[in-house]
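Trainee: dropping the sequence and predicted coords here.
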Amino acid sequence: TLYEDSKSNGGNPSKNLGNLHLKMADYPTASEYFGSTCSFNSGLTQVLAGNAVEGGNKAKCSEETAATLYLLAIVGARTGNTDMMITNLKKAVGKDSAYRRDAMTDMEFFKHWESQEFKNAIQ
């Protein structure tokens, strides 16, 4: 009710309720609230729900932040698109070096840890 009441103060209850349901791991409901919104959270919702391609599409049309680029690298890894993974991982690390440490232990990239391409991307 409070989220709906926030409309009168300029709030976006759909976005806020989408974020709430994302945090509760209720991905189908979060997806409904996000609708066709292009954002990191709507992309993340799709990826966590097992829809990597749709998640990538929603992330691609959102603001290009380090987090979004890292999510796109994960989409690349999940879909077997190594070029997408490497390109976005390199950009993410370039924007925020903290992602270098994350990538070195992130199981999303496990198959690539020993490849020279991966090592070059996180330098």
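Mentor: Perfect, thanks for sending it.
Trainee: can you map out the helices along this structure?
Mentor: Secondary structure of the chain (DSSP state H): helices at 2-5, 13-23, 27-34, 40-48, 52-60, 66-79, 82-95, 98-105, 116-121.
Trainee: for the first one, name the packing helices and strands.
Mentor: When you say that, I think you mean helix 2-5. helix 13-23 (3 or more Cβ pairs under 8 Å, 6 or more residues apart in numbering; DSSP states H and E). For the C-beta atoms, the positions are set from N, CA and C on the backbone; glycine is no exception.
Trainee: can you mark which positions in the helix it packs on are buried?
Mentor: Buried residues in helix 13-23, counting neighbours by 16 or more other Cβ atoms under 10 Å, are found at 15, 17-19, 21-22.
Trainee: okay, the angle between it and helix 27-34?
Mentor: If you take axes from the mean of the first three to the mean of the last three Cα atoms, to 10 degrees, helix 13-23 sits at 160 degrees to helix 27-34.
Trainee: could the helices of the chain go into CSV alongside mean pLDDT?
Mentor: Shown next, in CSV, are those (pLDDT from 0 to 100):
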stretch, mean pLDDT
helix 2-5, 75
helix 13-23, 91
helix 27-34, 95
helix 40-48, 97
helix 52-60, 96
helix 66-79, 98
helix 82-95, 98
helix 98-105, 96
helix 116-121, 96
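Trainee: now, which of the buried residues of helix 13-23 sits nearest residue 1?
Mentor: Comparing the buried residues of helix 13-23 against residue 1 with Cβ to Cβ places residue 17 closest, at 11.2 Å.
Trainee: give the contact list for the residue nearest to residue 22 when sequence neighbours are not counted.
Mentor: Nearest residue to residue 22, sequence neighbours excluded (Cβ to Cβ, 6 or more residues apart in numbering): residue 30, at 4.4 Å. Residue 30 makes contact with 18-22, 41, 45, according to Cβ atoms under 8 Å, 6 or more residues apart in numbering.
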